[in-house]
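**Student:** Give me a 3D structure for the following:
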Amino acid sequence: NSTGDINETAMVDAAADVVGSTINLTALVGGIGTLQVLDVTATVALNADTTADASDIAIDSVGDLPIGLVTASTGDVTLNSTGDINETAVADAAADVVGSTINLTASVGGIGTLQVLDVTATVALNADSTADAADIAIDSVGDLPIGLVNASTGDVTLNSTGDINETAMVDAAADVVGSTINLTA
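**Tutor:** Residues are numbered from 1 along each chain as shown. Presented below is the predicted three-dimensional model:
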């Protein structure tokens, strides 16, 4: 826990700065990874909280990224993984990632492929698994504003307890890209 922000101090590298089975990060003021993205390796769960001042969260995972609860309230959340991104809890109706704009990128293994990832995004959800064309499976608690969800030739499954809408102005560009796309609102 920090009364200020939590950031990496080293130059940009591919090495994890925080390593553990369950990693709990709480920043009361200034966010997490906002000055320099924080690199982590969590084997059981990553929990990150900036709700005290709704600051942004930016975390790169070296290896798979097991999500416990990552919440920035009305701040933005950016999570990148060299592996997959999955929820660690048994399937429930609670959001595991909460923020205004949520950006998720998984290089190998997809997003929500082992356990569907629950999110609450109030401005936009962007999800990318194009590096290996793995599947994306996301449940939204509340409306699901779509920025760009791209699985290349992988499948995309998006479920929402509210509406599913694109955030961009009406255009000819695809907002959800995948081989098979399943949308349930």
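
**Student:** in this structure, what secondary structure element scores lowest on mean pLDDT?
**Tutor:** strand 164-166 (a mean of 94; mean pLDDT, DSSP states H and E).

**Student:** mind listing what residue 16 touches?
**Tutor:** Going by CB atoms under 8 Å, 6 or more residues apart in numbering, residue 16 touches 39-41, 61-63. Where you see a C-beta, it was placed from the backbone N, CA and C, and this is true even at glycine.

**Student:** could you dump those to CSV with neighbour count?
**Tutor:** Output for the contacts of residue 16, formatted as CSV (neighbours: other CB atoms under 10 Å):
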residue, neighbour count
39, 22
40, 25
41, 21
61, 26
62, 18
63, 16
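
**Student:** With respect to residue 101, which of those is nearest?
**Tutor:** residue 61 (18.7 Å; CB to CB).

**Student:** Which members of the contacts of residue 16 occur in strands, if any?
**Tutor:** 39-41, 61 (DSSP state E).

**Student:** Redo those residues as JSON lines? Include pLDDT and distance to residue 172.
**Tutor:** Shown next, in JSON lines, are the ones in strands among the contacts of residue 16 (pLDDT from 0 to 100; distance: CB to CB, whole Å):
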{"residue": "39", "pLDDT": "94", "distance to residue 172": "38"}
{"residue": "40", "pLDDT": "96", "distance to residue 172": "39"}
{"residue": "41", "pLDDT": "97", "distance to residue 172": "41"}
{"residue": "61", "pLDDT": "96", "distance to residue 172": "34"}
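
**Student:** one step back: widest-spaced pair of the contacts of residue 16?
**Tutor:** So, the contacts of residue 16 by CB to CB: farthest apart are 39 and 63, at 10.5 Å.
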